[in-house]
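K.L.:
okay, sequence plus prediction incoming.
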Amino acid sequence: MAVYTAVDDDDMRALLSGYDIGPFERLQGIQQGVENSNWFLDAGGRRYVLTVYEKRVDPADLPYFLNLMEHLTRRGIRCPEPVHDRSGRALVELAGKPAAIFTFLPGRGPGRILPAHCRALGTALAELHLATADFTGRRPNALALPGWQGLAARIGGRADEIVPGLAAEIADTLDRLATAWPADLPAGTIHADLFPDNVFYERSDRVSGLIDFYFACSDAFAYEIAICINAWCFEPDGQFNVTKARLMLGAYRKVRPFSDAELAALPLLCEGAALRFLLTRAYDWLNQVEGALVKPKDPLEYLHKLRFHRSVTGPGAYGLD
Ligand SMILES: Nc1ncnc2c1ncn2[C@@H]1O[C@H](COP(=O)(O)OP(=O)(O)OP(=O)(O)O)[C@@H](O)[C@H]1O
Ligand SMILES: N[C@@H](CCO)C(=O)O
């Protein structure tokens, strides 16, 4: 369920009269996704994606996200490209809300994650990081350490409703991360939510597109790698799959080599990345909206990942030498 706004064919005909993409044909709601309303839009013999931005995206951030997708497209990264209307605007208004039309990307999520998907992701991730080198937009990461501390304070002792002792474990982890978090790692623009549902494949050995840039921000590249280790390299039963990590990181470093500082920081970054998703999931878990159609994601999955990284002594655990 991810259509929260009513849009009819007449609205679309009126909107498309401002574009050069041909006559309106069809609008079809997309079920996947949670944050925004999305539709497949057919017009002039081609398929597009229409997004109407709902409450959780700050409208002030939208130009940053759209400029980033446009920049990446120019640099050869396959991602949704914003379509401009005749007056040059990519960001428009529909049903009183901000909206944009994007090019449609072929491919689909990986389904069951194979080692080959992880290797292909490593290559695509390094290419993404290099492609942002000359992107001039900046957006602080609202979900970096100070954001985690704020979220932990809002959750407070209620974390223990998820599992007894969780509030203290979160507090201890935050203290350790706050003293040791590395400040000077190579940084730039990161996607920051590169989970399998945001990566498309046409074949398992090649990424065909990246979507959902609405957490993108300025932060360390190695922190993004840590997010991906967590999201891609654990099996559904919670076991860490070092082969997947070795393939992902090996493919990444062929395109963008790691610095010694990045390698040394990796266990801590993985712990921080696990805490970030533990906190947002714990918050959503404890603040479920009655009657909501979206099932909250399991915070404990990320507690197990956090504990794994806490036990790690060096980058060798991720298959790196
Ligand atoms: N450019 C695109 N080409 C093809 N399919 C797309 C495109 N953009 C979005 N989609 C489809 O729409 C779905 C929802 O998109 P997206 O994940 O961006 O939604 P969201 O609600 O903004 O994000 P979230 O997943 O964070 O809730 C995707 O799973 C994908 O199936
Ligand atoms: N990828 C996030 C949710 C959407 O940002 C998670 O799995 O918790």
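P.N.:
That came through fine. Ligands and ions are numbered 1, 2, ... in the order given.
K.L.:
doesn't residue 252 fall inside a strand?
P.N.:
No. Checked against DSSP: H, G, I helix; E, B strand; the rest coil, residue 252 lies outside a strand; its state is helix.
K.L.:
now the strands for the stretch 101-250 of the chain?
P.N.:
Remark: strands assigned in the stretch 101-250 of the chain by DSSP state E, counting those that start in this stretch are 187-190, 199-203, 206-210, 217-220.
K.L.:
now tabulate the ones you listed in CSV and tack on distance to ligand 2, mean neighbour count and mean pLDDT.
P.N.:
(Each C-beta comes from the backbone N, C-alpha and C, glycine too.) Compiled in CSV, those are given as follows (distance: least, CB to the nearest ligand atom, whole Å; neighbours: other CB atoms under 10 Å; pLDDT from 0 to 100):
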stretch, distance to ligand 2, mean neighbour count, mean pLDDT
strand 187-190, 14, 21, 98
strand 199-203, 12, 19, 97
strand 206-210, 14, 19, 97
strand 217-220, 13, 21, 98
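K.L.:
check whether stretch 57-71 comes near ligand 1.
P.N.:
No. Residues of stretch 57-71 are not located near ligand 1 by CB under 6 Å from any ligand atom, the shortest gap being 7.8 Å.
K.L.:
same question, stretch 81-98
P.N.:
No. Judged by CB under 6 Å from any ligand atom, stretch 81-98 makes no contact with ligand 1; its nearest approach is 8.3 Å.
K.L.:
sorry, back to before: so for residue 110, which of the strands of the stretch 101-250 of the chain sits nearest?
P.N.:
The closest of the strands of the stretch 101-250 of the chain to residue 110 is strand 199-203. By CB to CB, the value is 5.6 Å.
K.L.:
list of residues touching that closest one?
P.N.:
For strand 199-203, the surrounding residues in contact (CB atoms under 8 Å, 6 or more residues apart in numbering) are 105-110, 117, 120-121, 124, 207-211.
K.L.:
so which two of those residues are the farthest from each other?
P.N.:
Maximum distance among the contacts of strand 199-203 (CB to CB): 17.3 Å, for 106 and 121.
K.L.:
so which of the contacts of strand 199-203 sit within helices?
P.N.:
117, 120, 121, 124 (DSSP state H).
K.L.:
which residues touch the second one?
P.N.:
If you count contacts by CB under 8 Å, 6+ apart, residue 120 has them with 201, 204, 205, 206, 207, 251.
K.L.:
one step back: narrow the ones in helices among the contacts of strand 199-203 to those that are buried.
P.N.:
117, 120, 121, 124 (16 or more other CB atoms under 10 Å).
K.L.:
now the helices: where do they sit in the protein?
P.N.:
In the chain, the helices defined using DSSP H lie at 9-16, 62-74, 115-131, 145-155, 166-180, 221-232, 242-255, 260-286, 299-310.
K.L.:
how many other residues sit next to residue 289?
P.N.:
Neighbourhood size, residue 289 [other CB atoms under 10 Å]: 9.
K.L.:
spatially central residue in this structure, please.
P.N.:
Taking CA atoms, centre = their mean as the criterion, residue 193 is the residue nearest the geometric centre of the chain, at 1.7 Å.
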